[in-house]
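Trainee: Provide a 3D model corresponding to the input given below.
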Amino acid sequence: MRITRREFEIELGAALAAGTLGAAGCARPPKEQRRSEAAVGAQPPLRMTRGRADLTVPAEVPAGESWRYGLAFPFQVAPRRAALFANIRGKRGHDFEVGTDVVLFDDAERISSRGAVVVSRNENLSNPKSSPAGKPAILVKFPIRGGFVPLGAKRSDGASHPHAGTGFGAAQVEGWTADRDAPFRGAETYEYMELHQFAYDGTTFRVTVTERVPFNRLLAGDSLENPGLSSALPDGDDLLFPMGGRIGGARGSGVTRWQRGPAGWRPVAWLPVTGPDGSFEPTLVRDIDGSLLFCARGAGEPDRFDIRVWRSSDGGKTWAKVIHVRGAIGSVPICLNQAADGTPYVASNLYEVFLGRIPERYPTPKDAEGRVRAGGWMRDKVCFWPLNRERNGLEPPILARHCTAELGPAPGGVTWNADHPSATTVQLADGRWHNLIAMRVCDRGEVWAGIDPAPPTGTYLEEVSSSGEPRPLWRF
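Mentor: Residues are numbered from 1 along each chain as shown. Coordinates of the predicted model:
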């Protein structure tokens, strides 16, 4: 029996998670033994492949620059064809991004930056809000997230979707000083949303319109400034997209409804979910019973280390917090994903304390009051927490990725970062539905101090397998 590399990686991931690999390393146990282990429940409910980086260096990099692909967000563009919003990092330390490409593919084992569609790149302009006005600025383009109605998509009644082959992407843009690695602050802060309209005709993926939109002009009466970490969900002819915004002057997160009109896709409503608690980077899935499940990253103490999930059974009109687990994760991105069979699961980094000394060239992590933070900032291990059947608690965590065990010690002298684990179920060339999870892996020193990228640095696209029958996200 022949198996693909990705199927082998799923088997390997299951063995690592269950602790069944011995001195033989990658040797597979006899079929009888595997059947016995499955019978007693040794296999975890979710398993993830563990492959090499799928995207590393973009096809075109300016001379003297050091670019690497990082964050990525999968979405469907047509039957049997998917794409990634693939973000690119520059070499300037914390959060210095340089733009986003769209990478199309139909086989998760064969992804290439060749033919990538350039959507955004940083710009060297001036800051109209600086004092004096016109100081040189780098307009830093953060990762694009959004939604897309695949070409050939059908409504629930079988009719053609009126917006098939179109979508949108939103990204924050932040003005950075030209002479130091930091954004403008205070009254000189210069930022806005870059809104893109997309189209795909079966051959070419195009950016049809790009606009600069102030945060408070995306939707009348609201200020929307933080696109979520999951792709927009279909809801009739509309798209539901998680976003952060301002609630009475404070930051919070909720769900926006997007509709397509003469000017393209635009938000028409925003319903806050978390309240003004500082939450950001929200994610959204539709449960198997039709209800909506929502998650967001906490900002304040102690919510920043917690897993919180809200539920709406009336299409997003009202929400109730149904899960709140303290101290499970670091102060890191958290994504609520959904396996191909509909199983919702939280993906994030386990709370850990660094067992070592931080080299002097790096900043010592501290809290808002200047106290040393011993733990809660590491991103070396990615875990999955499936939601229980009642959707009021979490199942035990599953270790999905342990970077140091897979890659060895980080050359920068601290740890690896594996973060923003965002997943979407897509149909590929084989006609099957695959739950693909993308994450950035890099050396922590690249984020802290802009050191040279390590060889493994890049975008990792893995597959999460589950035991039930697939539940397609789109109808074709």
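Trainee: ok, now which ones touch His344?
Mentor: Just so we're on the same page, residue 344 is Pro rather than His. 285, 287, 293, 336-338, 386-387, 391 (Cβ atoms under 8 Å, 6 or more residues apart in numbering). For glycine as for every other residue, the C-beta is placed from the backbone atoms N, C-alpha and C.
Trainee: Report the residue ranges of every domain in this structure.
Mentor: Per automatic domain parsing, the structural domains of the chain span 1-43, 44-466.
Trainee: pLDDT on the last one, on average?
Mentor: In this case it means domain 44-466. The average pLDDT within domain 44-466 is 96.
Trainee: Quick one: distance of it to the chain centre.
Mentor: Relative to the chain's own centre, domain 44-466 is displaced by 3 Å; criterion: Cα atoms, centre = their mean, to the nearest Å.
Trainee: ok, back up a step: need the contacts of Pro344 in TSV (columns: distance to Ser112).
Mentor: Output for the contacts of Pro344, formatted as TSV (distance: Cβ to Cβ, whole Å):
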residue	distance to Ser112
Val285	29
Asp287	35
Leu293	34
Leu336	30
Asn337	25
Gln338	27
Pro386	32
Leu387	35
Arg391	39
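Trainee: Take the residues you listed and keep only those in helices.
Mentor: Assigned to helices by DSSP state H, none of the contacts of Pro344 qualify.
Trainee: Can you list which of those are found in strands?
Mentor: Within the contacts of Pro344, residues falling in strands by DSSP state E are 285, 293, 336-338, 386.
Trainee: Most neighbours among these, please name it.
Mentor: Among the ones in strands among the contacts of Pro344, the one with the most neighbours (other Cβ atoms under 10 Å) is Leu336, at 30 neighbours.
Trainee: isn't that one right next to Val309, touching?
Mentor: Yes. Here Leu336 reaches Val309: they are 6.5 Å apart, a contact under Cβ atoms under 8 Å.
Trainee: quick revisit: nearest to Arg475, out of the domains of the chain?
Mentor: Ranking the domains of the chain by proximity to Arg475 (Cβ to Cβ) places domain 44-466 first, at 4.4 Å.
Trainee: What distance separates the opening and closing residues of the closest one?
Mentor: Taking Cα to Cα, to the nearest Å, domain 44-466 runs 9 Å from one end to the other.
Trainee: Nearest to Arg373 among the ones in strands among the contacts of Pro344?
Mentor: Checking those against Arg373 with Cβ to Cβ, the nearest one is Leu336 at 25.3 Å.
Trainee: how about the nearest residue to that closest one, chain neighbours excluded?
Mentor: Cys295 (3.6 Å; Cβ to Cβ, 6 or more residues apart in numbering).
Trainee: List the beta-bridge partners for the one you found.
Mentor: Thr283, Val309 (DSSP bridges).
Trainee: Next, work out how far apart it and Pro333 are.
Mentor: Cys295 sits 11 Å away from Pro333, going by Cβ to Cβ, to the nearest Å.
Trainee: Settle it for me: which of those two has more neighbours?
Mentor: Set Cys295 next to Pro333 and count neighbours by other Cβ under 10 Å: Cys295 wins out with 30 against 22.
Trainee: From what I see, that one and Pro282 are in contact.
Mentor: Yes. Contact status for Cys295 versus Pro282: in contact at 6.7 Å, counting by Cβ under 8 Å.
Trainee: What sits closest to Gly376 if chain neighbours are left out?
Mentor: Gly376 sits nearest to Gly330 (Cβ to Cβ, 6+ apart), 4.6 Å away.
Trainee: residues near the one you found, how many?
Mentor: There are 23 residues near Gly330, going by other Cβ under 10 Å.
Trainee: Might one say that it is in contact with Arg373?
Mentor: No. Applying Cβ under 8 Å, one finds Gly330 not in contact with Arg373, separated by 9.8 Å.
Trainee: Neighbouring strands - and their directions - for the helix or strand containing Gly99?
Mentor: For Gly99, the host element (DSSP states H and E) is strand 97-105. Strand 97-105 has its sheet partners listed here by DSSP bridges as strand 81-89 (antiparallel), strand 117-121 (antiparallel).
Trainee: Name the surrounding residues that touch the last one.
Mentor: Taking Cβ under 8 Å, 6+ apart as the criterion, the residues outside strand 117-121 that touch it are 85, 98-104, 141, 144, 169, 171, 194, 196, 205-207, 210.
Trainee: the inter-axis angle of whatever helix or strand comes next after it versus strand 97-105?
Mentor: Toward the C-terminus, strand 117-121 is succeeded by strand 123-127 as the next helix or strand (DSSP H and E). Here the directions of strand 123-127 and strand 97-105 differ by 140 degrees (axes from the mean of the first three to the mean of the last three Cα atoms, to 10 degrees).
Trainee: hmm, who's touching strand 123-127?
Mentor: So strand 123-127 is in contact with 133-139, 141, 175, 178, 184, 188, 190, going by Cβ under 8 Å, 6+ apart.
Trainee: Swap in 10 Å and give it another go.
Mentor: 99, 133-141, 173, 175-178, 184, 188-190 (Cβ atoms under 10 Å, 6 or more residues apart in numbering).
Trainee: mind checking the backbone torsions on Pro421?
Mentor: In terms of degrees, to the nearest 10, the main-chain angles of Pro421 are phi -80, psi 80.
Trainee: what's the closest non-adjacent residue to it?
Mentor: Ala347 (3.9 Å).
Trainee: just the strands in the stretch 351-476 of the chain please.
Mentor: Assigned by DSSP state E, counting those that start in this stretch, the stretch 351-476 of the chain shows strands spanning 381-386, 398-402, 416-427, 433-443, 458-466.
Trainee: swap in the stretch 101-250 of the chain?
Mentor: Under DSSP E, counting those that start in this stretch, the stretch 101-250 of the chain gives strands at 117-121, 123-127, 135-141, 145-149, 166-177, 191-200, 205-213, 224-227, 233-235, 238-247, 250-261.
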